[in-house]
Structure formats: structure tokens, C-alpha cells
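Asker: I would like the atomic coordinates for the input below:
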Amino acid sequence: MIKLSSFILDGKRADQLGLAMLRQSQRPVLPGTTDRTLQIPGKHGAWDFGAELGPRLFNIEVAFVEQNAAALQRKVSELAAFLVDAYGRPRTMELIFTIQPDRKYFVRYSGSLPIERISGLGRFTLPLIAYDPFAYSLVPNDEVTWGSEAVTFENDFYTYGHEGGQIETITASKIMNVVVLGSISVRPKIILSGNGSNVVISANGKSLGIDDLDHATWVIDCMNYTVTKNGDNALHLVSGDFLEFFTGSNQVFITGSSMNFTVRFSFYDKFV
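Answerer: Next comes the predicted model:
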């Protein structure tokens, strides 16, 4: 059993790395902000043009507890190799805190790593940074299944009977309901396979259209603004806007003619 006051880094529990997580570790409620303002001579205060969240910093207080200084040094060397890639550069890894096992951050080592050594005890702060400050669900919505080893009853937001992004067969105009459980809007990956003419998919005031599905498999990645048809670039064959879903229920309208295709909306729920 993993203790709740621990973490998993790149699939390895803290104890598998030889680490014990200490209580004074810092996990910020929110990352710092990047404020966009303009001061104008003769005007009190400043114009506020809004703000964005900056990178999220994690300073995790940990310790190695070994029998002697030699064993401690081996663990230190193993951790150093674990944090970098084959070229010696800090690599991006998934970070999961076991008190919140339903979501992950993408982090890498950033800063410096001095260690306080007393015989076999080595105590230090592991500095990690998530340049994308948001947390993501462990699996995309269309892979949420009960009995999964990734999604368990310890999670905060999936409830019993939850249905993820199921595959729907479209043979006539249809309204679908897509639920976003995260606290931040998401841009889905839309997978279409089959045939249809003048197909239009609309949600939240935006629409995208494909003149002819052509018995092909289409992947419309609204996050990365890419479109493929049977694996080949097909951005020029799609018109309109890439879709965005917001927290809660999103109505998706699908229209067209001669339709006989499957559709699936896939995304990771996203959290502050």
C-alpha cells in the first residue's frame, strides 16, 4: 500500500526511488501570474489587460535513509541519472501525488539540487517545474472504464456509472451531449470513420465542416490544429473553426447528408 503522503514520478513511486517525502513539501494552490498592464501618465493605477498563469513550481522535501555514506551515494547517483535523458538534459516526466491519484502534471527537474548529508541520511529539496501549469486526467475520457488500473474509486470526479466519450454511429442529424469534468475548457480530438456529405459538427457557437468523408478515417485534433485523412494531412479539406468544450455538458450538433459514420470525441480532463 502506498502512503498517501507520497508521489509517483515517471511511473516510479517515491519508495522505489529510495525516497521518503517529508511533510513540509510545497505544492502551490495556483502558480504565479503573468499580469499584462499598462501605466498611463496622469492616470491613477493602470489599465488591466488580463493575466495568464505562469509555470507551476513544486519544491518537494525528500530524504534518502540508507545504512551508510556509500549506500547513500549510490542512491544519489541513481536519482541524478533518473532525472535526465540520454544526452544529460532534464527530461519531462509525469508527476502524480498519491493524495490526488486521479490527475497528473508534466514536470522536469529545474534549478539546483544541493543535499545535506549525515552518514547514510541525505535530505534535500527536489525542485520540479510544470511549464504547462495544469493537471490532466490520467486517461482520456473515452478510456474511462470501471475495473481500470488507472481510474480507481479513490478519484475525485468520476462517479459510478460514468460514461466517457463513447463511439456513436451517425446515420441522421443528431444532438450529442459531451460532458467535461475538469475545471478548464478542453479542445477535443474528433475521430470520424465512414461516409457522409456536407458534414457539419457544431458546439458552443463554433462549427467545422467536411464536404465528403469519402469512406475514410479522419482525425481532427482541435488542440494542435491538425487534420488527417487516413493518416495524410487534410487540413485544407476542413472548413470552419476547431471546437472547444467547457466544464459541464456541451451539446454537439451533427448534420449532413448520406451519413453513415462513427464519431468519437477524445480529450483529457484538465484542472487548475
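Asker: what's the neighbour count on Gly122?
Answerer: 23 (other CB atoms under 10 Å). Bear in mind the C-beta positions are built from the backbone N, C-alpha and C, glycine included.
Asker: outside of the helix or strand containing it, which residues touch it?
Answerer: In the assignment (DSSP states H and E), Gly122 maps to strand 121-130. Applying CB atoms under 8 Å, 6 or more residues apart in numbering, the contact partners of strand 121-130 are 19, 22, 31, 55-66, 72, 75-76, 95, 105-116.
Asker: what's the mean pLDDT across it?
Answerer: For strand 121-130, the mean pLDDT works out to 94.
Asker: which of the residues in that strand are buried?
Answerer: Across strand 121-130, burial judged by 16 or more other CB atoms under 10 Å covers 122, 124-130.
Asker: next one: stretch 171-184
Answerer: Neighbour count says stretch 171-184 has 176, 178, 180-182 buried, by 16+ other CB under 10 Å.
Asker: contacts for it?
Answerer: By CB under 8 Å, 6+ apart, stretch 171-184 touches 134, 137, 141, 157-158, 165, 168, 186, 188, 203, 245-256, 259-260, 263, 265, 267-272.
Asker: just the buried ones from the residues you listed?
Answerer: Looks like the contacts of stretch 171-184 have 134, 137, 141, 158, 165, 186, 188, 203, 245, 250, 252, 254-256, 259, 263, 265, 267-271 buried, using 16+ other CB under 10 Å.
Asker: for the chain, which spans come out with low pLDDT?
Answerer: The chain contains residues with pLDDT under 70 at 1-5, 24-26, 144-165.
Asker: in it, which spans are helices?
Answerer: Secondary structure of the chain by DSSP state H: the helices cover 69-83.
Asker: in this structure, spot the strand with the most residues.
Answerer: strand 248-266 (DSSP state E).
Asker: what's that one packed up against?
Answerer: The contact analysis (3 or more CB pairs under 8 Å, 6 or more residues apart in numbering; DSSP states H and E) places strand 248-266 against strand 168-170, strand 174-180, strand 189-203.
Asker: would you turn those strands into JSON lines with distance to Ala81?
Answerer: Output for the helices and strands packed on strand 248-266, formatted as JSON lines (distance: least, CB to CB, whole Å):
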{"stretch": "strand 168-170", "distance to Ala81": "47"}
{"stretch": "strand 174-180", "distance to Ala81": "39"}
{"stretch": "strand 189-203", "distance to Ala81": "35"}
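Asker: nothing else from me, thank you.
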